[in-house]
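In: Give me the fold of what follows.
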Amino acid sequence: MPVNVIVCGAAGRMGKLLVTLVREHPETRLVGAIEAPAHSALGKDAGEVAGIGTIGIKVSEDYSAVAAPDNVTLDFTIAEAALDHLRAAVAKGAAIVIGTTGFSAEQRAEAEQLAPKTRTLISPNMSIGVNVLQKVVADVARILKEGFDPEIVEIHHRFKTDAPSGTALALGRTIAAAQGKNFDQVATLARQGITGQRSNEEIGIMALRGGDVVSDHTVIFAGFGERLEFIHRAQSRECLARGALRAALWLPHQPPGLYSINDVLGL
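Out: Numbering: from 1, shown residues only. So this is what the prediction gives:
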């Protein structure tokens, strides 16, 4: 039996790609396409919006009407909408995969409190490669705790509305956890002016924006006389979409709880 999938943010760049991949995959079936109230795509065929022709699924704003225990949602929207969808998924007993970023601390706390009440997977980056990078960075951070300064540089397209990226923050938190640091206390998210010399405890993150760059993340461990750099470059959004689709196939078979893509990959 194919997995029934709802795509939230169906008219966005990621949403249109997800609609296409869900339709193409032999183990998934599209049963819903959701967009924001007053969006120009409402009422249109989701396939036509995605550029793959008519598929018989209209874009709707009513997520609660289609959320159900026998389907899984892929959410790539904005933080406020994703949280609303999570609330509805909990009420309906639906599984939900959230790749949305830009959550405030309060929103993230509410999401983590709600998530275990249904089958929920939240990851700021669904790329398989990025999540392998997380594992490698954690191991390296433990080894290089002394004498190497961790810095993260990310660049995304000019249309991205949050900075630093959720992935860059997750990499920073990974390093902090591996080194026994409190990320919120040691993170330096920008530098300007006479900042004084860098402290040993800092984890620096720099965000760049421009053009149509999909997603680049570089993690640097800078020592004296040497440095290590770990780079992930997303050549297209397809790597994110395929990771999300892999999560959608895995999540419905799990008990209620909060999961990440690492659980899917067994990392």
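
In: burial of Glu61, as a residue count?
Out: 14 (other C-beta atoms under 10 Å). Just so you know, the C-beta spots here come from the backbone N, C-alpha and C atoms, and that holds for glycine as well.

In: cool, and Thr195?
Out: 9.

In: Now do it against Ala176, distance only.
Out: 20 Å (C-beta to C-beta, to the nearest Å).

In: Three-state assignment for Gln211, please.
Out: Actually, residue 211 is Gly rather than Gln. coil (DSSP: H, G, I helix; E, B strand; the rest coil).

In: In contact with it, which residues?
Out: His157, Arg158 (C-beta atoms under 8 Å, 6 or more residues apart in numbering).

In: Next up, phi/psi of Ala89, please.
Out: phi -60, psi -40 (degrees, to the nearest 10).

In: Which residue, other than its chain neighbours, is closest to it?
Out: Spatial nearest neighbour of Ala89, chain neighbours left out: Ile96 (4.2 Å); criterion: C-beta to C-beta, 6 or more residues apart in numbering.

In: swap in Asp62?
Out: Ile34 (7.7 Å).

In: Quick one: neighbours of Lys16, just the number.
Out: When neighbours are counted by other C-beta under 10 Å, Lys16 comes out with 23.

In: Look up which helix or strand it falls in, please.
Out: If you go by DSSP states H and E, Lys16 is part of helix 13-24.

In: Buried residues in whichever helix or strand comes after that helix, which are they?
Out: For helix 13-24, the following helix or strand on the C-terminal side (DSSP H and E) is strand 28-34. With burial defined by 16 or more other C-beta atoms under 10 Å, the residues of strand 28-34 counted as buried are Thr28, Leu30, Val31, Gly32, Ala33, Ile34.

In: Residues in contact with strand 28-34: which ones?
Out: Contacts of strand 28-34 (C-beta under 8 Å, 6+ apart): 2-10, 15, 19, 22-23, 46, 49, 55, 57-63, 66-67, 71, 73, 85, 245, 248-249.

In: Compute the inter-axis angle for it and helix 13-24.
Out: Strand 28-34 runs at 150 degrees relative to helix 13-24, counting by axes from the mean of the first three to the mean of the last three C-alpha atoms, to 10 degrees.

In: Can I get strand 28-34 in CSV? Just the C-alpha atoms.
Out: Extracted in CSV, the C-alpha atoms of strand 28-34 (Å, rounded to 0.1, in the frame of the first residue of the first chain):
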residue,chain,number,x,y,z
THR,A,28,3.7,7.3,-2.2
ARG,A,29,0.3,8.9,-3.2
LEU,A,30,-0.5,12.6,-3.0
VAL,A,31,-3.8,13.1,-1.1
GLY,A,32,-3.6,16.8,-0.3
ALA,A,33,-1.9,20.1,-1.2
ILE,A,34,-2.0,23.0,1.2
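
In: Direction included, what does it pair up with?
Out: strand 3-8 (parallel), strand 59-60 (parallel) (DSSP bridges).

In: got those as TSV, with distance to Arg142 and mean neighbour count columns?
Out: Below are these laid out as TSV (distance: least, C-beta to C-beta, whole Å; neighbours: other C-beta atoms under 10 Å):
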stretch	distance to Arg142	mean neighbour count
strand 3-8	37	27
strand 59-60	46	21
